[in-house]
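Asker: when you get a sec, could you give me coordinates for this:
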Amino acid sequence: MLVLGTVAANIVRVGFVAALAAAFLYYRCARTSSPHLLGWARNSYHLASVALMASAAVLLYLILDHQFQYKYVWEYSSTTLPVPLLMSTFYAGQEGSFMLWALYTSVIGIVLMRYSSRRDYETEAMSVYSLILSFLLLMLVVKNPFTFIWDSFPADLIKSGAIPSGITNVVVLDAAKGIWAQYPNEGRGLNPLLQNYWMVIHPQILFTGFSSMAVPYTLAVAALWKRDYNSWICVATPWAVF
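Answerer: Next up is the predicted model:
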C-alpha cells in the first residue's frame, strides 16, 4: 500500500507535466496549424486526464480500505462511517477537494475538446483550458493527498530500536538503522456537522459548477485570441446555460 500511494503521487506529477505540454502544444498548433502538433496536444491532454482518473481511483481505494498510514485518510475517515459517507470523505478536506475539482475539470475538457473542434475553436480554447487544468494539478502537487502520516508527525510516530512484541500497524522505514513507525488503527472520522445526506451529493454538484464555468471563460479568451467578437456568443451560450 505504501508503494501504491507513492506511485499515485508520481502519477499526479506526470499529469501536471502532461497538462502543461498540452497547453504549449495547443498554443503552437494555433500559431502553425500543424495537424501533427494537434495530435500530440490531444494525446497530452488525454494523458493528463487519465493520470487524474488513476490517482483519484487510488485515493478512493485507500479510503475504502482504511489505509490510515496516509494522513488524509486518517484525518477525515474512520471504520465506523457508512459507505456513502466514507466515500464522501474523498472531498472532505482541501487535498481531496482539489482532486475532485481537477477530476471534473479534466472530464469536462474532453467534452470541450470535441465540442470546440466542430466549431473551429479547439486549438485556442484547449490551450487556455489546459492551463487551467495544469494549475489545479499544481495544487495537487503542492497539497499532496498521499502524504504518509509519519511524515507529518515524525516526533510522535517514528521510533528507533527493536520493535516491541505485540505492536501492530508497524512500518519499517529503515531496517539497517532500526527505524520504524507505528500508524493509527483508526481514523479521526468525518466532522459530525458533515455527516448527512447532503454531504454525499452537494459537493459533487458544486464542483461540477466550478469546473464547467471555466468553459465560457475559456471560450471568451479564445474569441479574443481569434478576434471573433460576435459569433463566439453562440458557441459559449450552451455552456453558460449548463
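Asker: which ones are touching the nearest residue to residue 13 once chain neighbours are set aside?
Answerer: With sequence-adjacent residues excluded and distances taken as CB to CB, 6 or more residues apart in numbering, residue 13 is closest to residue 141, at 5.8 Å. For every residue, glycine as well, the C-beta is placed using N, CA and C. With contacts defined as CB atoms under 8 Å, 6 or more residues apart in numbering, the neighbours of residue 141 are 12-13, 16.
Asker: those helices in this protein, which residues are they?
Answerer: For the chain, helices defined by DSSP state H occupy the ranges 2-32, 35-64, 71-76, 83-88, 94-117, 122-142, 149-152, 154-157, 198-212, 214-226, 232-241.
Asker: turn those helices into a markdown table, including distance to residue 190.
Answerer: Listed next are the helices of the chain as a markdown table, based on distance: least, CB to CB, whole Å:
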| stretch | distance to residue 190 |
| --- | --- |
| helix 2-32 | 21 |
| helix 35-64 | 11 |
| helix 71-76 | 6 |
| helix 83-88 | 6 |
| helix 94-117 | 12 |
| helix 122-142 | 21 |
| helix 149-152 | 17 |
| helix 154-157 | 22 |
| helix 198-212 | 8 |
| helix 214-226 | 29 |
| helix 232-241 | 33 |
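Asker: return the most buried member of those helices.
Answerer: helix 71-76 (a mean of 24; mean count of other CB atoms under 10 Å).
Asker: does anything pack onto that one? Which helices or strands?
Answerer: helix 35-64, helix 94-117, helix 149-152 (3 or more CB pairs under 8 Å, 6 or more residues apart in numbering; DSSP states H and E).
Asker: show me the shaky parts of this structure.
Answerer: Scanning the chain for pLDDT under 70 picks out 1.
Asker: grab the nearest non-local neighbour of the residue nearest the centre of it.
Answerer: The residue lying closest to the centre of the chain (CA atoms, centre = their mean) is residue 99, at 2.8 Å. Excluding the flanking residues, the one nearest residue 99 by CB to CB, 6+ apart is residue 56, at 5.6 Å.
Asker: verify the contact between that neighbour and residue 103 for me.
Answerer: Yes. Residue 56 is in contact with residue 103 according to CB atoms under 8 Å; the separation is 5.0 Å.
Asker: could I get the contacting residues of residue 104?
Answerer: By CB under 8 Å, 6+ apart, the residues touching residue 104 are 207-208, 210-212.
Asker: ok, residue 179 to residue 152 distance?
Answerer: 16 Å (CB to CB, to the nearest Å).
Asker: and the residue of the chain most remote from its centre, how far from residue 171?
Answerer: Using CA atoms, centre = their mean, the residue of the chain lying farthest from its centre is residue 165. It sits 39.7 Å away. Taking CB to CB as the measure, residue 165 falls 17 Å from residue 171.
Asker: do the same with residue 115
Answerer: As for residue 115, its distance to residue 171 is 47 Å (criterion: CB to CB).
Asker: residue 195 now?
Answerer: Residue 195 is 30 Å from residue 171, where distance means CB to CB.
Asker: more neighbours: which of the two?
Answerer: Relative neighbour count places residue 171 above the other of residue 195 and residue 171, with 17 against 13, counting by other CB atoms under 10 Å.
Asker: what sits against the closest residue to the more buried one other than its chain neighbours?
Answerer: Nearest residue to residue 171 in three dimensions, chain neighbours excluded: residue 181, at 5.2 Å (CB to CB, 6+ apart). Residue 181 makes contact with 150, 157-159, 170-171, 173, according to CB under 8 Å, 6+ apart.
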